[in-house]
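K.L.:
Predicted model and sequence below, questions to follow.
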Amino acid sequence: MKKNLSLQINGQNISREVNIHQTLADFLRDDLELTGTHIGCDSVSCGACTILLNNLPVKSCAILALSCQNANVMTVESLSEDCTHPLQQSFKKNFALQCGFCTPGFLMMGLSLWQKGKEYSPKEIAEYLKGNLCRCTGYIPIIQAISEAIKGNTKNEEGESVGKSKL
Ligand code: FES
Ligand code: FES
């Protein structure tokens, strides 16, 4: 059985018929061809499928697409096509990816912190990333990459940029 789903994805209004049992991850990948959202475990354990739902990071394999009616969804494709977003640049500079399978999930976790415009310690970032798994990098370069990107986006109380990007 199918029902109509209307929502905003990466700034675009989308309206589609979706199967009532379809997950958001499958909807993004299979129906919209947004294959940057990866499916690793498909059981809420690895975080490769992380997207932002109304600005909060969630594992899209655990969410029914139809529960996102009128929601605002951001996927890794929202960053930049040519790797120019500060987070993507920082991942590159810090060698924070190897096979890259986990990377979309970590980038979206990083984006959720980056958007806050506050600074976080490496320990706080590590704690925040606990639900995302990487079998290649040992995590330290990922934490370093997110930390550096966030430093470049730190704002004061008036919302003015005070961070010095080291990118
Ligand atoms: Fe969703 Fe692993 S694929 S958490
Ligand atoms: Fe390979 Fe993270 S870079 S799983």
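P.N.:
Ah, there it is. All figures in this text were calculated on a predicted structure; none of them were measured in a lab. Numbering: from 1, shown residues only. Ligands and ions are numbered 1, 2, ... in the order given.
K.L.:
who in the protein is up against ligand 1?
P.N.:
Counting by CB under 6 Å from any ligand atom, the chain comes close to ligand 1 at Ile39, Gly40, Cys41, Asp42, Val44, Ser45, Cys46, Gly47, Ala48, Cys49, Lys59, Cys61. All C-beta atoms are positioned from the backbone trio N, CA, C, and that covers glycine.
K.L.:
ok, Gln89 touching Asp82?
P.N.:
No - with contacts counted by CB atoms under 8 Å, Gln89 stays clear of Asp82, the gap being 10.6 Å.
K.L.:
for this structure, what are the low-confidence residue spans?
P.N.:
Within the chain, the ranges that satisfy pLDDT under 70 run 163-167.
K.L.:
Gln89 and Asp82: which is more packed in?
P.N.:
Per other CB atoms under 10 Å, whichever of Gln89 and Asp82 has more neighbours is Gln89, with 18 against 7.
K.L.:
Just say helix, strand or coil for that one.
P.N.:
Per DSSP: H, G, I helix; E, B strand; the rest coil, the secondary structure class of Gln89 is helix.
K.L.:
Start the count at 55 instead of 1 going forward.
P.N.:
Sounds good: first residue 55 from here, last item Gln143.
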